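Student: Next one to model:
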Amino acid sequence: MFKIELRQEPMNGDFVLTNNNGNEIKFSISPENMDETEKLENFLVDFLLKKNQFPIYLHFYGGLNLLNDLSMNVDYQVVCNFDLLDRQWGIYKTEINTPESLVKVINETYSLATWIDPFIISDSPKVKFSIYKEVNTNIITELDMSNSNLYINVGHDANYLEFITNDERYLSVTSLSSHLPDHVQISKILWSK
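Tutor: All right, here's what the predicted structure looks like:
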């Protein structure tokens, strides 16, 4: 049994929500035992397989030479690019249409989430990125909430997952827990103020 902690968090400045109507919620999911963070990848795949709703879209950030390291059997598109530290970087996007391709793409890319941000899986292809430079280069992620959507962001060092949603199936702890994989148990529920 994989035990997780579930934390309802306030929507903050990490993401810009567009076309929202105020019913959006954010949950963070982390392992009860932080020595088990590697199990989050399996949890994510199992959750999405149980959800069984395709297509799914993956957006992630990386160097433009990253395509050389990724499978050529998956269509990764660069949706925007920019210069940073004398290198070319980009936001990649791929559409996942089958359970088999979901497993393949997550297996191939999940390790990137330990050192990059954003790494977002969504029901919607309408994720936008704005790049701006001040002292540092920053990426602003815009999530379109016009339809019933679920966005899953893999958090810092892949230590947790953030579910940002307005989908009725995930708006409460009770409804979310009924959609978790069978081998997952919520051990603690935390409420942020």
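
Student: Please make it C-alpha for all contacts and neighbour counts, starting now.
Tutor: Fine.

Student: ok, Ile121 to Met34 distance?
Tutor: Using CA to CA, to the nearest Å, one gets 22 Å for the distance from Ile121 to Met34.

Student: Which secondary structure elements does the one helix or strand Asn107 maps to sit against?
Tutor: Element membership for Asn107 (DSSP states H and E) is helix 99-109. In this structure, helix 99-109 packs against helix 39-51, with contacts taken as 3 or more CA pairs under 8 Å, 6 or more residues apart in numbering; DSSP states H and E.

Student: Swap in 10 Å and give it another go.
Tutor: Judged by 3 or more CA pairs under 10 Å, 6 or more residues apart in numbering; DSSP states H and E, helix 99-109 is in contact with helix 39-51, strand 56-63, strand 87-96.

Student: hang on, the earlier thing: more neighbours: Ile121 and Met34, which one.
Tutor: Ile121 (26 against 12; other CA atoms under 10 Å).

Student: residue ranges with poor pLDDT in this structure?
Tutor: Scanning the chain with the threshold set as pLDDT under 70 gives 64-74, 81-87, 134-137, 192-193.

Student: can you pull out the strands in it?
Tutor: Taking DSSP state E to define them, one finds strands in the chain at 2-9, 15-18, 25-31, 56-63, 77-84, 87-96, 119-122, 127-133, 137-144, 150-154, 161-165, 184-191.

Student: Who are the packing partners of the third one?
Tutor: So that's strand 25-31. Using 3+ CA pairs under 10 Å, 6+ apart, the elements in contact with strand 25-31 are strand 2-9, helix 39-51, strand 150-154, strand 161-165, strand 184-191.

Student: For Gly62, find the nearest of those.
Tutor: Between Gly62 and the helices and strands packed on strand 25-31, the shortest separation by CA to CA is 14.5 Å, and it involves strand 150-154.

Student: So what sits opposite the nearest residue to Tyr61 once chain neighbours are set aside in the bridge?
Tutor: Counting by CA to CA, 6 or more residues apart in numbering, the nearest residue to Tyr61 once its immediate chain neighbours are dropped is Ile91, at 4.4 Å. The partner list for Ile91 in beta bridges (DSSP bridges) reads Tyr61, Cys80.

Student: Tell me who's in contact with Ile91.
Tutor: Residues counted as contacts of Ile91 (CA atoms under 10 Å, 6 or more residues apart in numbering) are 59-64, 76-82, 117-119, 128-129, 139.

Student: Turn the helices and strands packed on strand 25-31 into TSV, including mean neighbour count and distance to Ser30.
Tutor: Conversion of the helices and strands packed on strand 25-31 to TSV gives the following (neighbours: other CA atoms under 10 Å; distance: least, CA to CA, whole Å):
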stretch	mean neighbour count	distance to Ser30
strand 2-9	19	5
helix 39-51	17	8
strand 150-154	24	10
strand 161-165	23	7
strand 184-191	13	10
